[in-house]
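**Student:** need the 3D shape of this:
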Amino acid sequence: MPFGRRKELPSHLWTQCPDCGEMLFNKQLARNMNVCPKCEHHFKIGARERIEMLVDKGSFEERDPLLAPGDPLGFTDTKGYPQRIEAARAKSGEQEAVITGSARIGGTPVELGVMDFEFIGGSMGSVVGEKLVRAAERALAERNPLVIVSASGGARMQEGTLALMQMAKVVAATARLGDAGIPYVSVLTDPTTGGVLASYGSLGDLVLAEPKALIGFSGARVTDQTIGERLPAGFQRAEFVRDHGFVDQVVPRSQLRDRIAFFVSALRPTAGEVRWSL
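**Tutor:** Residues are numbered from 1 along each chain as shown. Below is the predicted model of the structure:
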């Protein structure tokens, strides 16, 4: 090898941190919950990996795993929508952009929805909306907290208005939980944008976020052009959003399970509890 040429490291063994440039051994990175041990950059993780990190061991029972979208618009860009769905399934290993189910977190029964960014950018379509609404309805029936972990680029354009309708649909379901005094915890991960943030992502009784997560309705350039002024650097990162009152807490991944466990236990309604209002 010529002097001075950097040896390429095999990608299946090593990953370079995009923030600090550190070369990380993949097995060590996995043991550290896919968080860089040097700068604490939080890498994106899949929905099933997230579920394993959050729930009590062996407690997760998946619901509605076979729901699949139709193609009512016959949408085609460089390929048809059904082909895009099949490609997303092959890439992510999942049937859709959200996994829902019943579980326990710190011993407290919850209904859980976790989005997977690998599936068409975690986009919200009719199946995502339906699965989350069913999760909220189970939470209402069992009087258990609802936890939704978001990772999304927004509404799925291939479903047009049907995708946008899911915003109101899920918001209405979470509002029914609020009326019944049942807690809803929203967790925002990198990235959470578009229609997901504009609806149920931002409406939890408690809104948590992972460090440095991208949180915003639209891209920084579009936002700057829309309002006609330059916004501060990092205005769409979790810490800035928290400091301006939009997020309650920024929680490192290693602490997220315990933090959620505390809140769902503390906020869960007790048997026979009566909700009152003025």
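**Student:** next helix or strand past the lowest-mean-pLDDT helix or strand in the chain?
**Tutor:** Lowest by mean pLDDT, DSSP states H and E among the helices and strands of the chain is helix 220-227, with a mean of 73. Going down the chain from helix 220-227, the next helix or strand is helix 238-243, by DSSP states H and E.
**Student:** got any ranges where the stretch 101-250 of the chain has weak pLDDT?
**Tutor:** Along the stretch 101-250 of the chain, the model assigns pLDDT under 70 to no residue.
**Student:** mind listing the strands for it?
**Tutor:** Using DSSP state E, counting those that start in this stretch, the strands of the stretch 101-250 of the chain run over 108-115, 146-152, 184-193, 206-209, 215-216, 249-250.
**Student:** can you say which of those strands is packed in most?
**Tutor:** strand 146-152 (a mean of 28; mean count of other CB atoms under 10 Å). All C-beta spots, glycine's among them, are computed from the backbone N, C-alpha and C.
**Student:** that one pairs with which strands, parallel or anti?
**Tutor:** Partners of strand 146-152 in the sheet, by DSSP bridges, are strand 108-115 (parallel), strand 184-193 (parallel).
**Student:** could the ones you listed go into CSV alongside distance to residue 136?
**Tutor:** Below are the strands paired with strand 146-152 laid out as CSV (distance: least, CB to CB, whole Å):
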stretch, distance to residue 136
strand 108-115, 7
strand 184-193, 8
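**Student:** between those, which one is closest to residue 58.
**Tutor:** Residue 58 lies closest, by CB to CB, to one member of those: strand 108-115, at 13.7 Å.
**Student:** who's in contact with that closest one?
**Tutor:** Here strand 108-115 makes contact (CB atoms under 8 Å, 6 or more residues apart in numbering) with 47, 50-51, 54-55, 60, 97-105, 122, 128, 131-132, 135-136, 138-139, 142, 144-152, 196, 261, 264-265, 268.
**Student:** which of those are buried?
**Tutor:** Neighbour counting by 16 or more other CB atoms under 10 Å classes 47, 50-51, 54-55, 60, 97-105, 122, 128, 131-132, 135-136, 138-139, 144-152, 196, 261, 264, 268 among those as buried.
**Student:** out of these, which are inside helices?
**Tutor:** 47, 50-51, 54, 128, 131-132, 135-136, 138-139, 196, 261, 264 (DSSP state H).
**Student:** include distance to residue 213 when you put the residues you listed into CSV, please.
**Tutor:** CSV is the format used below for those (distance: CB to CB, whole Å):
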residue, distance to residue 213
47, 16
50, 13
51, 18
54, 16
128, 19
131, 22
132, 19
135, 22
136, 23
138, 27
139, 24
196, 13
261, 20
264, 21
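**Student:** what are the buried residues along the helix or strand hosting residue 30?
**Tutor:** Using DSSP H and E, residue 30 maps to helix 26-31. Residues residue 29 are the ones in helix 26-31 that count as buried (16+ other CB under 10 Å).
**Student:** okay, it in CSV with CA atoms only?
**Tutor:** Provided in CSV are the C-alpha atoms of helix 26-31 (Å, rounded to 0.1, in the frame of the first residue of the first chain):
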residue,chain,number,x,y,z
ASN,A,26,-19.8,-1.9,15.7
LYS,A,27,-20.2,-4.4,18.5
GLN,A,28,-19.1,-1.8,21.1
LEU,A,29,-21.5,0.7,19.5
ALA,A,30,-24.4,-1.8,19.8
ARG,A,31,-23.5,-2.5,23.5
